[in-house]
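Novice: give me a 3D structure for the following:
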Amino acid sequence: MARSRRTFIQTLLAAGGLVWGSSMLTPRIVRGAVAGGPQPAAKLDLAIARFTGERRPIESDRITITAPDTAEDGAVIPVTVQSTLPVAEEIALFVEKNPFPLAAHFRLAKNTQAFVSLRLKMNETGDVVAIVKAEDRFYSQRQRVNVVVGGCG
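Specialist: Residues are numbered from 1 along each chain as shown. A predicted model of the protein is given here:
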């Protein structure tokens, strides 16, 4: 009996140590942010490069982003992305001036229509960039969204 209680307490302490140790990792460390941080455009380019494996996406008119030109509330901006590219495998959405540009990433099942609809949060006016992976290539489209904050744009 004493042996199993000792094992239980050791396991409990080890698990507590793991939880405490993982809580010491802040989001800045986990996401690879650098102190001082790069400018928004550089952060966007870096995030896209990480997603595409350093490959440059091809601008495509076969990707459609539907979002308001002007959003009254930056907390809930409805965005829809649709692609007519054959065999679309993944769709990723990036927001230019957000602290973490990658806003959403979807992996699509085979024979699935390439269509996603969601609500994004944007800190300020900037571009929404959609990247679609199809047949091991990356395609992109972007749309500017003006965010009104406190009545001023």
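Novice: quick one: contacts of stretch 92-107?
Specialist: Outside stretch 92-107, the residues that touch it by C-beta atoms under 8 Å, 6 or more residues apart in numbering are 31, 40-41, 43-44, 47-48, 51, 79, 81, 89-91, 116, 118, 120-133. The way it works is simple: take the backbone N, C-alpha and C, and place the C-beta from them, glycine included.
Novice: which among the residues you listed end up buried?
Specialist: 40, 43-44, 47-48, 51, 79, 81, 89, 91, 116, 120, 122, 125-133 (16 or more other C-beta atoms under 10 Å).
Novice: quick one, helices of this structure?
Specialist: 2-23, 27-30, 40-52 (DSSP state H).
Novice: any idea which of the ones you listed scores lowest on pLDDT?
Specialist: Least confident of the helices of the chain, judged by mean pLDDT, is helix 27-30 with a mean of 43.
Novice: please report how far Val149 lies from Asp73.
Specialist: Relative to Asp73, Val149 is positioned 9 Å away (C-beta to C-beta, to the nearest Å).
Novice: compare neighbour counts for these two and give me the winner.
Specialist: Ranked by neighbour count (other C-beta atoms under 10 Å), Val149 and Asp73 place Val149 first, with 14 against 11.
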